[in-house]
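**Student:** Just the structure for this:
(2 chains)
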Amino acid sequence: MGEEIKVIVFGLANEEYGIEVEKVRTIERMIPITRVPKTLAFVKGVINLRGVVIPIIDLRGRFGLPESEPTDSSRIIIVAVNDLEVGFIVDSANDVIDIDSDTIDSPPEVVGGIKAKYLRGVAKVGDDRLLIMLNLSEVLNKSEIIQLEQQEA
Amino acid sequence: MDMNAYLSMFIDESNDHLQSLNEHLLKLENAPDDISIVQVIFRSAHTLKGMSATMGFEDLASLTHEMENVLDLVRNHKLSMDQFIFDTLFKGLDALESMVQDVTGGGTGKADVTAIVSALQTIVKGDHLKQDAASAGMQSAAGDEGSMLDQFQSSILLQSIEAGMSVFHIVVTVREDCVLKAARAYMVFDFLEHNGEIVKSSPSSQEIEQEKFDRSFTVFTIANITEEELRKGIESVSEIESAAITQLDNESLLQLGASAAQGAPSAAASIAQETVGAAQAQVAAAAAPAMAPAPAASSPSAAASSGGGGSRTIRVDIERLDSLMNLFSELLIDRVRLEQLASEIRRNELTETVEHMSRVSSDLQNIVLKLRMVPVESVFNRFPRMVRDLAKSLDKKVDLVITGAETELDRTVIDEIGDPLVHLLRNSMDHGIESIADRIAAGKPETGTVHLRAYHSGNHVFIEVEEDGRGINAEKVKQIAIKNGIVDSESAKRLTDSEVNMLIFAAGFSTADKISDISGRGVGLDVVKTKIQSLGGHVSVESTQGRGTKFSIQLPLTLSIISAMLVKLGSEKYAIPLSSIVETAIVPREQIRKIHGNRMIDYRGSVIPLISLAQVLDCKSFLEEEEQETEIVVIRKGNKLGAITVDEFLGQSEIVLKTLGKYLTNIEAISGATILGDGQVALIIDPNALIK
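**Tutor:** As a prediction, this is how the structure comes out:
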């Protein structure tokens, strides 16, 4: 048996993803977002989270998935990694589970169209449930974003 | 023991000690014979050594140890300070500073200090100078061993007398029924220390503290008040019977030394008493009736002593203050909501409660803001040293006069203001103050003066750097500006003097090397201007040729709250800082002209560009083409004007500045965000980015 890790489970485009619970500050329902001009398309803007201004990223847009209108089950997951605080818009978030770190396999080459470097691995939960573990520091990697900006320009 | 837990404390305290070392070393340089300063320096160095050793920073500890060795010799009068020792000690301090900085930056605080250490060691060995003659002279003057005053104490007294200061020998006698002898003695000591300096007491101050004295004790003090004031002060301490005060001159000091050499300290006291003679009898008589007012008089002095014993402050992590600010601004938002609700519900009790809450919270707001205020002293402190070094390297004589160091500024401003001031001071000393020969030729005193002032005025803090140097040569500045293409020769003719002076802040002005050899200033002054502007302040310069130049910086009291104009673009709201707004207006469509495809308007006789905010910000919910009348905000960047078009004015408001976080940085035309009364985030426009 490896280490037990607590994971927040969220849904995005029919897949289930996981983030370690200690990286998650809070999960919020959709709140009004102020648009910030001259930013990348997946940066939806900023919100006021109890007095702190926090940028919001549409995770679908970040992964290059088709974006969709928020629904009642949409949530904003506020994560904090390397003193960056960012909110992710996800389709749903409603579960916290324990997984055994041994059950995380290294990511396959292509999963649901998302580049493998964003993924820490795939965890098998129960009999037929697969959980995609995110590599948050890559998702928030600024140098890659700068490259993206240059491509767009 | 986990050292990391103590690291931040170590860094804070080390910086304090380094600062104090720097300050006192500078003081000592002006009064090299003042052993009491050496004592302070020694104590600081000693503490620093101890702390460094405990924390395991061996290089720091060993360098401080060597410095301490030198200081030890000095304070024991085995070595007198000279320029070489000062320079070496300053070098040592610089090395210590960089080591502590390394530690602050997460390093190990290691550095190669062998050169400084060996220099310090040669000083200790006495290889570098001829100090024997000087100390021999003192010895003969001071009398023999076993004297009541030891050699260096009497030499201090002697020097003080020769320097025209008043030296007193005081025999203080407490009343027979005195209950707290040590406490009374302490109060006397405290009074004396506040009004001069105690050179020697008998019995020693420790013994007196432990009440190891009978009814009287003797003090030698260098006082900066008169004998009469001294007597009054001592006798206002309750339960003191008398104070026999003798002013000493050269002769009586020597006599004292000689008589004390015979043995009994009481003999010294009796000589003193003889000299005071009749006066003392009077005092004894006066002591009894003076009893009634005495307790009343003693209480303020006690209060003063408790207040003077170090400032009663605590260190607070700036992040905690920030989170306090955040929580507080949330409270403000809720307050606005409550006010709205109360006005809808219209129930008296509710309205009254909300109004009371509003008052309390605005008082709270003031306090929270004040918590972040820091005296500019922390920045100014490093300049005496810098000016000293710079004056040496430029071979000029310069006095730095600092006033208003207690003026307070927001912590965030304090952190940023240091570099611009360094530039201005360097500039003043390099280009402003003339060389010694030039000053004498101009009929000025050979020592130039640089004033560094800070003061409050309204909602702003002013910081000024003023020198009495040669002033700005407007003609030369104009020529250079024309040559560098900053202005054309036509418009140069129309410039006023103050506009010409401002040219030295222009970006291209400093870049050409040839400028440095004429009177033109400008090394990095454009950087100063940009920095000050980014802090929401502005800088100006006044100069009279031949008489000197004054730079003034005007800064807002705080950066966390600014006045702004809220505007609307369709469904979006934005804030424009009031500091860059000239005025607002509404212009009808037909007044907008097109020149080369750019929209312009007439504004008080000149044509200024019209900038569409909606276009700059890609705002799709506002289509200004449909507007018959356009709301404009005229903004200023330096001497350039521009007008930005908006949808609607929402009014002026005090807003709390927030950053957009580390993920979103350098967004064009946006300098931050704020939270409005309804809880929404509004972005703050950076007007400087709009005018190119």
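
**Student:** For the residue nearest to residue B:67 when sequence neighbours are not counted, the count of nearby residues, please.
**Tutor:** The shortest distance from residue B:67 to any residue other than its chain neighbours is 5.0 Å, reached at residue B:92 (CB to CB, 6 or more residues apart in numbering or on different chains). Heads up, the C-betas are built off the backbone N, CA and C, glycines and all. By the criterion of other CB atoms under 10 Å in any protein chain shown, residue B:92 has 23 neighbours.

**Student:** Residue A:98 too?
**Tutor:** Other residues close to residue A:98 by other CB under 10 Å number 10.

**Student:** Let me see the backbone angles for the nearest residue to it once chain neighbours are set aside.
**Tutor:** Among residues not flanking residue A:98 along the chain, residue A:4 sits closest, at 5.1 Å (CB to CB, 6+ apart). When read as degrees, to the nearest 10, the backbone of residue A:4 gives phi -90, psi 130.

**Student:** What of residue B:545?
**Tutor:** According to degrees, to the nearest 10, residue B:545 has phi -60, psi 130.

**Student:** I'd say it and residue B:474 touch.
**Tutor:** Yes - contact criterion CB atoms under 8 Å: residue B:545 and residue B:474 qualify, at 7.4 Å.

**Student:** which of the two has more neighbours?
**Tutor:** Remark: of residue B:545 and residue B:474, residue B:474 carries more neighbours, 18 against 14, as counted by other CB under 10 Å.

**Student:** That one and residue B:450, how far apart?
**Tutor:** Counting by CB to CB, to the nearest Å, the gap from residue B:474 to residue B:450 is 22 Å.

**Student:** repeat for residue B:690
**Tutor:** For residue B:690, the distance to residue B:450 - CB to CB - is 38 Å.

**Student:** again with residue B:476
**Tutor:** 22 Å.

**Student:** do residue B:625 as well
**Tutor:** 57 Å.

**Student:** What of residue A:100?
**Tutor:** Distance of residue A:100 to residue B:450, given as CB to CB: 70 Å.

**Student:** same check, this time on residue B:225
**Tutor:** 32 Å.

**Student:** More neighbours: residue B:625 and residue B:450, which one.
**Tutor:** Per other CB under 10 Å, whichever of residue B:625 and residue B:450 has more neighbours is residue B:450, with 24 against 7.

**Student:** Show the contacting residues for the more buried one.
**Tutor:** Counting by CB atoms under 8 Å, 6 or more residues apart in numbering or on different chains, residue B:450 touches B:387, B:398-401, B:425, B:428-429, B:432-433, B:465-467.

**Student:** Which ones among those lie within helices?
**Tutor:** B:387, B:425 (DSSP state H).

**Student:** Of the contacts of residue B:450, keep whichever come out buried.
**Tutor:** B:387, B:398, B:400, B:425, B:428, B:429, B:432, B:433, B:465, B:466, B:467 (16 or more other CB atoms under 10 Å in any protein chain shown).

**Student:** And the furthest pair within these?
**Tutor:** The most widely separated members of the buried ones among the contacts of residue B:450 are B:387 and B:466, with 13.6 Å between them, by CB to CB.

**Student:** ok, and does stretch A:59-68 reach over to chain B?
**Tutor:** No - under the criterion of CB under 8 Å from any CB of the partner chain, chain B is not reached by stretch A:59-68; the shortest gap measures 11.8 Å.

**Student:** quick one: low-confidence ranges for chain B?
**Tutor:** For chain B, residues meeting the criterion pLDDT under 70 lie at B:1-4, B:127-152, B:251-312, B:459, B:507-524, B:558-560, B:638.

**Student:** Counting neighbours, which bits of the longest strand seen in it end up buried?
**Tutor:** For chain B, the strand with the greatest residue count under DSSP state E is strand B:447-457. For strand B:447-457, the neighbour count (16+ other CB under 10 Å) marks B:448, B:449, B:450, B:451, B:452, B:453, B:454 as buried.

**Student:** what's near enough to touch the closest residue to the fourth one other than its chain neighbours?
**Tutor:** Distances taken as CB to CB, 6+ apart put residue B:466 closest to residue B:451, at 4.4 Å, once the chain neighbours are dropped. The neighbourhood of residue B:466, defined by CB under 8 Å, 6+ apart, consists of B:428, B:450, B:451, B:453, B:548, B:549, B:550, B:551.
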